[in-house]
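Asker: Let me see the structure of the following:
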Amino acid sequence: MARLLEQYKSQVRTALRDELEISNPMAVPRLKKVVVSAGTGSPQVDKDRLGAVMNDLARITGQKPQLCRAKKSVSNFKLRKDMGVGCRVTLRGKRMYEFIDRLVNAAIPRLRDFRGLHSKSFDGRGNYSMGVPDQSIFPEIDLAKMTYSQGMNITFVTTARKDTDALALLAGLGVPFRRTEEQKN
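Answerer: Modelled structure (predicted):
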């Protein structure tokens, strides 16, 4: 079992139940999935970029990415319908918890001038999205073989109905959020 999953089951779930005053144990917020996506732009500009990004994303997540294609043609961007413009990976279960563990404990601390993640990036329904400026923060990426610097988006999908419940869940799992002025006093 993943270390973070064990921590959720033994500590975080009971702490959330007490903190949020939930009587039903099935109503305690939990993670459903984590979606990691990266857009590469038009393949007309650089044909090798999409393959390199897919390889890096597969190395980071441990799962083969799904190719995302353009839905319609846009002449200003030199884009035609059905061209590959990005990729995404949906993580669930054990792989999801292992990815979050590596993200929180190994990758995020390597960000330059990091002061914490914004706690205002929730969507109003308990899901949190964050951006990573460069894939080189992950220890799985070999900097000598890296050809492109590529950012990515990471979305945490939870069963929480309110942003405050999802914030408590992610903070309990160790996601480092920035302290606001009210919390500092």
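Asker: Quick one: list the elements packing against the longest helix anywhere in the chain.
Answerer: Longest helix of the chain, by residue count under DSSP state H: helix 49-61. With contacts defined as 3 or more C-beta pairs under 8 Å, 6 or more residues apart in numbering; DSSP states H and E, the packing partners of helix 49-61 are strand 31-39, strand 84-91, helix 93-102. Heads up, the C-betas are built off the backbone N, CA and C, glycines and all.
Asker: and after it, which helix or strand comes next?
Answerer: In the C-terminal direction, the helix or strand that comes right after helix 49-61 (DSSP states H and E) is strand 66-69.
Asker: How far does that next one sit from its chain's centre?
Answerer: Distance of strand 66-69 from its chain centroid, counting by C-alpha atoms, centre = their mean, to the nearest Å, is 17 Å.
Asker: helices or strands next to that strand in the packing?
Answerer: strand 84-91.
Asker: now for the strand it packs on, which elements pack on it?
Answerer: strand 31-39, helix 49-61, strand 66-69.
Asker: Let's have those in TSV, adding mean pLDDT.
Answerer: As requested, the helices and strands packed on strand 84-91 are arranged in TSV below (pLDDT from 0 to 100):
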stretch	mean pLDDT
strand 31-39	93
helix 49-61	88
strand 66-69	88
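Asker: what's the closest of those to Lys120?
Answerer: Judged by C-beta to C-beta, the one of the helices and strands packed on strand 84-91 that comes nearest to Lys120 is strand 31-39, at 19.6 Å.
Asker: Just the element for the residue nearest the centre of the chain, please.
Answerer: Taking C-alpha atoms, centre = their mean as the criterion, Ile154 is the residue nearest the geometric centre of the chain, at 2.5 Å. Assessed by DSSP H and E, Ile154 sits inside strand 152-158.
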